[in-house]
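Undergrad: Dropping a prediction and its sequence here:
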Amino acid sequence: MVSLSTWFRYAATKFEYSLSLSWKSYNVGQINARELSDAVWKNFFQGKLTFSHWNKGEEMAPTLVGDGGTLLVRKLPFPSPTQVFVGDVVMLKDPEKTADYVVRRLAATEGYEMCSTDDKDEPFILEKDQCWVLADNESLRPKEAKDSRLFGPVPMTNIVGRVIYALRSAVDHGPVQNSHMAMRQDSSVLAVELDVEEMVKKMKS
C-alpha cells in the first residue's frame, strides 16, 4: 500500500518530468507554444517515469548478474549533475555503437580531475556536460569492461536513465544501489511504478 505522502511526492516528480519532456519537445520544434500546455498534461496522465530493459554481460557484476536480467530504468530527459549523481548506475547510448545501450556506473562528472595509474598519461579535467563511466567488475581489463578507460569521456546527453531495480529471477530481485541522493529521489517512483510480476512476464517472453 502506497502512502498518501508518497503519492504526492510521485505526482510532483512526474509533473517535473512532464514539464521537462514537453519543454524539450518545444525547444526542438516538435510542438508549438499553443500545444505546450496540452503536452505537459498528456505526459503527466499517460506517461510513465520508468521502462524495462533486458541486460546481459559480466561488466556490471556483482551488481548485475552476467547471465541476464530485467532492469527497471527511470527516464532522465535532461541528465545533468542535479539529476544524476556520481555513484549512480546509468543506462547510456553505447559510444561505439550508437544504436545500442550499455549500463555502467557514473564515476565522475564535469569539473573532476582525472588521473591515470599510468605515469605516461597526463591528468585532465572533465569539461562541461562530460562524464566518466566505469564497469563494476574490477576483474575485467579496460577492453573487456568497455567503459571510459577504453572510449574516454562521454557526453551527459548519452545518459537515458538511471537503473533503479534489478530482477535476476522471480525470487531474486531488489533495488539497485545508487547514490544516496538518487535513491531518495527515486523512492516514490519505485513505490508507485514497480511491478515485479510484470517484469517477470517480460523476462519470460
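TA: Nice, thanks for sending it over. Just so you know, these numbers come straight off a predicted model, no measurement behind them.

Undergrad: average pLDDT for the longest strand seen in the chain?
TA: Longest strand in the chain by number of residues (criterion: DSSP state E): strand 159-169. Taken as a whole, strand 159-169 has an average pLDDT of 95.

Undergrad: likewise stretch 15-33?
TA: Averaging pLDDT along stretch 15-33 gives 92.

Undergrad: What is the distance between that stretch and the centre of its chain?
TA: Relative to the chain's own centre, stretch 15-33 is displaced by 20 Å; criterion: CA atoms, centre = their mean, to the nearest Å.

Undergrad: Use 55 as the first number for this chain going forward.
TA: Done: numbering now begins at 55, and the last item shifts to stretch 69-87.

Undergrad: Now do the same for Ser259: its pLDDT.
TA: For Ser259, pLDDT reads 65.

Undergrad: So Gly228 is in contact with Ile218, correct?
TA: No. Look at Gly228 against Ile218 with CB atoms under 8 Å: they stay out of range, at 10.5 Å. The way it works is simple: take the backbone N, C-alpha and C, and place the C-beta from them, glycine included.

Undergrad: Which one of the two is surrounded by more residues?
TA: Counted by other CB atoms under 10 Å, Gly228 and Ile218 do not tie: Ile218 has more neighbours, with 25 against 10.

Undergrad: Was I right to think Arg158 contacts Thr117?
TA: No. Counting by CB under 8 Å, Arg158 does not reach Thr117; the two are 10.3 Å apart.
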